[in-house]
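K.L.:
sequence and computational prediction follow.
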Amino acid sequence: MGIYRILVCRFVNTLGDSLTLTPLLQELSQVYPGAEIDVISRCPAARLIYGSLPGVSRVLVLPRRVMRNPLATLRCLRSMRRIRYDLVIDADPQSQSGRLLALLSRAERSLGYAGPDKAGSMTFGVEPPPELRHRAKLQVYLLRAARGEFAPRQYPPLDIGLNALEREQGRMILSRLLAQRGDSRTERDCIGIFANATGNKLLGSVWWDRFLQTLEGGLSGYTIIEILPASARSHLGDRYPGYYSNDARKLAALLSNLTLFISADCGVMHLAAASGIPTFGIFTVTNPDEWGPYGPGQHAVLASDRTPAQTAAAVLDMIALDASAERTAKKRVGSVFP
């Protein structure tokens, strides 16, 4: 029997953790191009994040507080169980809630990680690899290991599937934002800064002031755009043009037109990486091996033992190395195609 109906269970509600599922969804659409993929999630933005990816059909969204909303939870679970899936995937190596969703589904085959953190057996159980820790890559590894693919291969990046129209709309918003401030620079000369984060990842306005003093001194000719948090209040004293949207796709569309993006480890950092622009995530307490942006132009910047000025200097060095590598690549292309 072939695999044509797939359900992926992801019991998380945060933006960043939800975006780490997008590489697996891309991998599934490549491995099973004739299949429909459904996703069940607890993230309020799940339909915006997953709905435009190739192969994705239905996105079922559980309430964030399932126990406080029993009727909405039951409706969502009934909708999930209406379809008899060929394959259900519990992609998280630790979440027991995702495993429970997979066990409740009506699926011919089930795939998930084995181990002490997971109760309930799957048709195909995979042991977590000791050498791999990244949340997004682990979910792709699960599928590859179940299919017997162990040769090293590049992992798909985070991606929410922005189309050309969305990117153009983001470019127009950015252009109007610059015109409002009387800035004559183009949209491609903009650096996005998001100065918010949750808990002890928050760096504070004083830290960012010192960081930006060094950054601006090393990057002349650029305009800084502040991406505002959910409170719609500036963390940088309103001294830069600001943009606010509570729509993940609209925000990603604007981000996709920036030259690069800098923030602490947070959901907007993952959204910037998923929009396809060079992203610099500043890590002080979380592990970049698990949460860092990856792929060309993506950087995790360790700052726990650095001052703000030293962190900015490290970012400037990485930007210079990326620019040098890009120039070298262009020269090589020119030598082949004169």
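P.N.:
Looks like it came in fine.
K.L.:
in the stretch 51-200 of the chain, where is pLDDT below threshold?
P.N.:
183-188 (pLDDT under 70).
K.L.:
helices of that one, residue ranges please.
P.N.:
Using DSSP state H, counting those that start in this stretch, the helices of the stretch 51-200 of the chain run over 70-81, 96-104, 135-146, 164-180.
K.L.:
please apply the same query to the stretch 201-338 of the chain.
P.N.:
205-218, 248-255, 267-275, 288-291, 308-336.
K.L.:
spatially central residue for this protein, please.
P.N.:
Nearest to the mean C-alpha position of the chain, by Cα atoms, centre = their mean, lies H270 at 3.4 Å.
K.L.:
ok, now which ones touch S234?
P.N.:
Neighbour list for S234: E226, L228, G242 [criterion: Cβ atoms under 8 Å, 6 or more residues apart in numbering]. (C-beta placed from N, C-alpha, C; glycine too.)
K.L.:
name the nearest residue to the second one, ignoring sequence neighbours.
P.N.:
If the residues on either side of it in the chain are set aside, L228 comes closest to Y244, at 4.0 Å by Cβ to Cβ, 6 or more residues apart in numbering.
K.L.:
of the contacts of S234, buried ones?
P.N.:
E226, L228, G242 (16 or more other Cβ atoms under 10 Å).
K.L.:
from those residues, which is closest to P152?
P.N.:
Relative to P152, the closest of the buried ones among the contacts of S234 is E226; by Cβ to Cβ it sits at 39.3 Å.
K.L.:
can you say which of the helices of the stretch 201-338 of the chain is packed in most?
P.N.:
For the helices of the stretch 201-338 of the chain, the largest average neighbour count (mean count of other Cβ atoms under 10 Å) is found in helix 267-275, namely a mean of 27.
K.L.:
packing partners for that one?
P.N.:
With contacts defined as 3 or more Cβ pairs under 8 Å, 6 or more residues apart in numbering; DSSP states H and E, helix 267-275 has these neighbours: helix 15-19, strand 190-194, helix 248-255, strand 260-264, strand 279-283.
K.L.:
so N287 touches H134, yeah?
P.N.:
No. N287 lies out of contact with H134 (Cβ atoms under 8 Å); the separation is 9.4 Å.
K.L.:
the two - which one has more neighbours?
P.N.:
For N287 and H134, the more surrounded residue by other Cβ atoms under 10 Å is H134, and the numbers stand at 19 against 12.
K.L.:
ok, now which ones touch the more buried one?
P.N.:
Taking Cβ under 8 Å, 6+ apart, one finds D289, E290, W291, G292, Y294 in contact with H134.
K.L.:
try it again at 6 Å.
P.N.:
Contacts of H134 were listed using Cβ atoms under 6 Å, 6 or more residues apart in numbering, and they are E290.
K.L.:
correct me, but N200 touches T284?
P.N.:
No. Counting by Cβ atoms under 6 Å, N200 does not reach T284; the two are 7.7 Å apart.
K.L.:
give me the more crowded residue out of those two.
P.N.:
Counted by other Cβ under 10 Å, N200 and T284 do not tie: T284 has more neighbours, with 19 against 9.
K.L.:
contacting residues for the more buried one?
P.N.:
A303, S304.
K.L.:
now it. Its backbone dihedrals?
P.N.:
Dihedral angles of T284 (phi, psi; degrees, to the nearest 10) stand at phi -120, psi -40.
K.L.:
ok, it to C266 distance?
P.N.:
12 Å (Cβ to Cβ, to the nearest Å).
K.L.:
same question, F124
P.N.:
According to Cβ to Cβ, F124 stands 34 Å off from C266.
K.L.:
and E27, by the same measure?
P.N.:
Distance from E27 to C266, by Cβ to Cβ: 25 Å.
K.L.:
those two: which has the busier surroundings?
P.N.:
Per other Cβ under 10 Å, whichever of E27 and C266 has more neighbours is C266, with 23 against 18.
K.L.:
thinking the more buried one is in contact with A195, fair?
P.N.:
No. Using Cβ under 6 Å, C266 is not in contact with A195, being 10.0 Å away.
K.L.:
what's the domain layout of the protein?
P.N.:
Annotated domains of the chain cover 5-146, 165-336 [automatic domain parsing].
K.L.:
ok, back up a step: adding distance to A46, write the helices and strands packed on helix 267-275 out as JSON lines.
P.N.:
Below are the helices and strands packed on helix 267-275 laid out as JSON lines (distance: least, Cβ to Cβ, whole Å):
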{"stretch": "helix 15-19", "distance to A46": "6"}
{"stretch": "strand 190-194", "distance to A46": "21"}
{"stretch": "helix 248-255", "distance to A46": "10"}
{"stretch": "strand 260-264", "distance to A46": "22"}
{"stretch": "strand 279-283", "distance to A46": "22"}
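K.L.:
please consider this matter closed, and thank you.
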